[in-house]
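In: A structural model of the following input is requested.
(chains A and B)
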Amino acid sequence: MPLNPEQGVVNAFKEYLVEREASQVKMVGHATTIATNTLLGQINLDLPETALVTTAGFKDVIEIGRQRRAEVYNLFFERPSMLVKRRHRYELDERVGHTGEVLKPLDEEHLHAVINEMRRDGVQSAAVGFLNSYANPVHEERVCEALRKKLPGVYVTASTSISNEYREFERFSTAVVNAALMPVMHTYITQLDEDLQGLGLEAPLYVMQSNGGMAKSNVISLKPATVVESGPAAGVIAAAWLGEQTGTRDIISFDMGGTTAKAGTVRGRVPEVVPEYEVAGKIHMGRLIKGSGYPVRFPFIDLAECSAGGGTIAKAVNGSLQVGPVSAGAEPGPACYGRGGMDATITDANLLLGRLNPGSLLSGGMDIYPGLAEEAFDRLASSLGVSAEEAAVSVIRIANSMMSKILRIVSVERGYDPRGFSLVAFGGAGPMHVCALAEELEINHIIVPPNPGMFSALGLLTADLFHDYSTPIIRDATEIDPPNLEEAYLEMETEGSATLTQENIPDSQRRYIRALDIRYRGQGFELNVETATPVTRASIRDSVKKFHAKHREVYGYSAVDEPVELVNAKLRVVGQLEKPRLKRRRKNRSDLPQVTRRVYYEAPGEWIDTAVHQRQSLEGLREGPAVVEQYDSTTVVYPEWSCRPDDYGNLVLRRLTR
Amino acid sequence: MTVDITTVEVIKGALVYAAEEMGIALKKSAYSPNIKERMDHSCALFNHRRELIAQAEHIPVHLGSMALAVRVGLETYRGTLEPGDMLLLNDPYISGTHLPDLTLIAPVYSDGEVVAYAANKAHHTDVGGKTPGSIAADSTELYQEGIIIPPVKLVHRGVIDQDIQAIIRSNVRTPEVQMGDIRAQIAANNTGIRRVQELTESYGVDTLHEAMDAIMDYSERRMREELSAMPDGVYSAVDYMEDILPGGGDVEIAVAVTKQGDEATFDYAGTSDQVERPVNAPLGVTVAGIYYTMISVTDPTIPVNDGCFRPITLRIPEGCMMNPRRPAPVAGGNVETSQRNVDVLMKAFSQILPERVPAAGQGTMNNITIGGALPDGRPWTFYETIGGGSGGRPMGDGVDGIHINMTNTMNTPIETLEAYLPLRFKAYRLRPDSGGPGKYRGGCGIERTWTLTSEKAVLSIMAERNKIPPWGLQGGRPGGLGVYTLVRATGEEERLPSKCTVEIRRGDTLVILTPGGGGFGDPVERLVEKVADDVANGLVSPESAERDYGVVFNPIRLEVKELRRS
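Out: This next block holds a predicted model:
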């Protein structure tokens, strides 16, 4: 990761604006993996000294979590390392009851003592979460106000401002993740916003959220927890759009960048979503382990991910080879970049095995130093007692097995047979590994979009703006006062509408989708059903009816005589944006003269002289083995595979026989 | 064998996912916090021969015993199961655990034949008996512990039998909750049935059976490889449960593990006879402990199914605590005795695989059951278990405040409890100085404290390790003992025994301190930085650092002053 990660974006804009006017830019859409990478322990992205201010007696709620271990049979299980050290959890005398009544007023003197302690301890960002604050946030608000006043420069997150629902651990955890990300993300987004304005861009900066919708930069800089899976979410949205444009129904999206690889599923052109996610969670045997990451309560595009990216570092540990989780990112980057990286990475392995152009990358825009990659692998190989080539092959094998597991998570483990799916491969490194993974899952159809390295960005042009709001109700359906509930919705709509105004969305492009989380009284989980505007007795009855029906559909039964409880009023505010269409490409007359180079394929386990094509001039069917180079990526077509550009410039790979 | 490896993989993944999805359906549509929040339930799929084929990783004590419940339950039932029928049972001498665990079994039909079974087991908050929550600490026979349900057809072609429902409703304290949870159990089985039928539609019945056989054969091969790699020999161990016999005597669980070639025999000769206290462990519980231990100390990546256990022989004398005869009471068998069973087994395996076995963890589940009447007169019951420290491990510290071994239930959010029950929480935090000192420290226990806000309630505690602490290994010290203190509204304090039933009143406060894990290795070998970190984080006091670890701290600034470690 570069020291000033926004600089890359700014440089790209500078280049773009050489031949264009800044005033022509109507919108800037952005997705970033900085939040994820910060939590995954990326070099140069340090987590701040994060604090939690909470109700006296409950400082360890965020550590104990749900008190269950992530892996039942693993005697060596570990909790994820705490984002807030125990010594930075501050307890305050206060108490609010579940109905919202103040049982014990906030002790102001105690508060001031705690603030002094936090100052002395060098706290940089603070989450504030009190028991039952969902019912009444008065103490949270008071503490946040005091912190902002007395500790200027310290970032502050109230749990109810980021996740206004009951269940203390999940709410506190969401707040803590937000607090831990604030310094890095706030600096990043604010700097980017300023730099872009400095270039004369007046268009708003939108950032992709984990729910697959966009939001404006100033909203995001205060709620970085909503963009943790921003980059990957954009990738799946783009894959869904590509599916729509090419008539491909069921897709596994495979995105391999510099730090991680991610997989998502699109079924019937709709990306799969989950209501809560554990960020930076562990994957064991191809599964994201509940309790291994940091829960964030926010809708997430359903993704599986692992630490296998181009910059992922391979190390020898007790004589065995370990790939990841640490990444050299883009700075210093792989050893072969010649920027001081000394560790052997997946990119270095690909270079040694002939998959990457040994002369330069980015169409000559960046020099590559194979000698440095060799040296890094010599060092790694000698501590393993093998040759550099053997070590490189092992690194690729291990990385591929890690990645095939995440593809299995989103297909086989969901009960879908991957053989009926198409793989859409993107991210700079995705197309280099995709054939090996397709072999593993017996997938016969791969689509490599025109610009794999920038494909996720396309998702930003095909998404709408989403803002999700929630107000807790927790009351029997029969006890609801319609005007009260209507007011709760109107409040949320006012807030959402103000946000859309800031985002320059005209009235005609605004949509408000109201929903209710409903359950039978005593149930622990809710079903989400849409509800009509305005709220009336009839609309509530209608939603309850829908709930019974949905319960029957999802769980096989309904209990119409049981009391029904409305848990949360939910509002999704949508700002609709224009979407692009794929253009038919012009056919190339002929292929440019080819070169060949020796490439290692692990399936037959040998080096094969391989034709090297240029993507922009490739035409017609080519049988593998073949390497297709382009500015932002390299596609490796394995033996037994063919490739052919389609009418829209996608490279379509097919398995010849199986 | 005609089925290809990929198909086996796909079917295996789909079956495991189906079992997990059953769990999700059960959890989501359940009523009681016990299931909906804590996930005190398990789901599994069986083949047509009633062999366990896929399980969701929920509660080990259920899964080992569910195999027994399904096999014996179906053998005992006299009638036939048609499509849409489901069998309900909770008789511990058939279903293998205790009465609150209701097992529901459904056949999966395809083209008129049974191709598989979907089953789940869920811990209900009340099944009647002498105390709310049905885990009385002083029962002397099974009949006091609640309604006993032999295998009966609760669901006829998709419809609940009203007569059976009426009997259940009349025998439990909170019939709405219990029936709600039973409906959720039905929904879970329906999910499993649907998923298996999808597989038979895609692949055909023959392929499904072949794949299931291949999945079990694979697990058997892996387990035999693991056993072969262990040194042959007989390895024995003993551990105790406290205050069981009249007058406060302890009882003994003894095991001898004989490892020969690629097989192992578990012999419980020498274990105390069954007792007239509710700590007898039905066979299913004992077997579950053995299965759990085998998988944990070998390779947890081995897919868990009946294949894993083919190389294992059991010798568990009838009439001993680990294989009691009816009508010995069993309520605490699968929550407490099951934990000690694993302690004994782990102690034996620490001689076989010293690099893979941790020191003893908290060794209890700290079962709390409480019930009374709400202001409007409606009865309420609540059951929970509380985590503690896990044992220090070869190469690493134990984990603080977590559930170990035979349970893995989640806590119920305090915000949920306060919204529905007359309890107000005072503390939920880690307990300093409770982790057993060691080169690798045992995990700390938990403090959980609440006050009753209604007029009165009945409290039952079923716990262990309040007298005999969790053991350390290789020079590590024992973990801290558990302590239960009742602070009356008057301020009067009363130390409660580890197994008791008491009446509490408005304003009474229960302070629960759960045990820590034992330490691993000599504490003076612990890295000074780790001791300093524990002190800075308040998990080890400066006094303990000096006394146990030989690291002296400046008491004000908490900096290391000197080392006394010779």
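In: so who does residue B:338 touch?
Out: Neighbour list for residue B:338: B:61, B:281, B:285-286, B:288-289, B:405-406 [criterion: CB atoms under 8 Å, 6 or more residues apart in numbering or on different chains]. C-beta: built from backbone N, CA, C; applies to glycine.
In: and which of those is nearest residue B:369?
Out: Checking these against residue B:369 by CB to CB gives residue B:61 as the nearest, at 17.1 Å.
In: Distance-wise, check the closest one relative to residue A:266.
Out: Distance, residue B:61 to residue A:266, using CB to CB, to the nearest Å: 40 Å.
In: One more: residue A:628?
Out: Plainly put, residue A:628 is 24 Å away from residue A:266 if you go by CB to CB.
In: These two - which one has more neighbours?
Out: Ranked by neighbour count (other CB atoms under 10 Å in any protein chain shown), residue A:628 and residue A:266 place residue A:266 first, with 27 against 23.
In: Which residues does that one form beta bridges with?
Out: Note on residue A:266: beta-bridge partners residue A:251, residue A:271, judged by DSSP bridges.
In: Just the pLDDT for it.
Out: With respect to pLDDT, residue A:266 has a value of 92.
In: quick one: it from chain B, how far?
Out: Separation of residue A:266 from chain B (CB to the nearest CB, to the nearest Å): 18 Å.
In: quick one: contacts for that residue?
Out: Residues in contact with residue A:266 (CB under 8 Å, 6+ apart) are A:236, A:239-240, A:243, A:250-253, A:272.
In: Secondary structure class of the residue in the stretch 301-450 of chain B positioned nearest to chain A, three-state.
Out: Nearest residue of the stretch 301-450 of chain B to chain A (CB to the nearest CB) works out as residue B:427 at 3.5 Å. Using DSSP: H, G, I helix; E, B strand; the rest coil, the structure places residue B:427 in strand.
In: same deal with residue B:227?
Out: Here residue B:227 is helix, with the state taken from three-state DSSP.
In: Apart from its chain neighbours, what residue comes closest to it?
Out: Counting by CB to CB, 6 or more residues apart in numbering or on different chains, residue B:227 lies nearest to residue B:262, which is 4.6 Å off, once chain neighbours are set aside.
In: Take stretch A:266-279, keep the C-alpha atoms, and write them as PDB.
Out: Output in PDB follows, covering the C-alpha atoms of stretch A:266-279 (Å, rounded to 0.1, in the frame of the first residue of the first chain):
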ATOM      1  CA  VAL A 266     -24.700 -13.900  -8.900                       C
ATOM      2  CA  ARG A 267     -27.800 -16.100  -9.400                       C
ATOM      3  CA  GLY A 268     -30.300 -15.200 -11.900                       C
ATOM      4  CA  ARG A 269     -28.500 -11.900 -12.300                       C
ATOM      5  CA  VAL A 270     -29.000 -10.900  -8.600                       C
ATOM      6  CA  PRO A 271     -26.000 -10.600  -6.300                       C
ATOM      7  CA  GLU A 272     -26.400 -12.600  -3.100                       C
ATOM      8  CA  VAL A 273     -26.500 -10.400   0.100                       C
ATOM      9  CA  VAL A 274     -26.200 -11.100   3.900                       C
ATOM     10  CA  PRO A 275     -27.500  -8.800   6.700                       C
ATOM     11  CA  GLU A 276     -24.400  -9.000   8.800                       C
ATOM     12  CA  TYR A 277     -20.800  -9.900   8.100                       C
ATOM     13  CA  GLU A 278     -17.600 -10.600  10.000                       C
ATOM     14  CA  VAL A 279     -14.800  -8.500   8.500                       C
END
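In: and residue B:323, how far is that from residue A:17?
Out: According to CB to CB, residue B:323 stands 80 Å off from residue A:17.
In: out of these two, which sits in the more crowded spot?
Out: Neighbours per residue, other CB under 10 Å: of residue B:323 and residue A:17, the larger number sits with residue B:323, 21 against 15.
In: Spit out the contact partners of the more buried one.
Out: Going by CB under 8 Å, 6+ apart, residue B:323 touches B:268, B:281-283, B:286, B:316-317.
In: Which parts of the stretch 451-600 of chain A are helices?
Out: With helices called from DSSP state H, counting those that start in this stretch, the stretch 451-600 of chain A shows them at A:455-461, A:482-502, A:537-555.
In: Which strands or helices does the shortest one pack on?
Out: Going back to what we said before, that points to helix A:455-461. strand A:28-30, strand A:205-208, helix A:230-246 (3 or more CB pairs under 8 Å, 6 or more residues apart in numbering or on different chains; DSSP states H and E).
In: Tell me the most packed of the contacts of residue B:338, by neighbour count.
Out: The most crowded member of these, judged by other CB under 10 Å, is residue B:281 (36 neighbours).
In: from what I can see that one touches residue B:342, true?
Out: No: contact between residue B:281 and residue B:342 fails when scored by CB atoms under 8 Å: they sit 11.1 Å apart.
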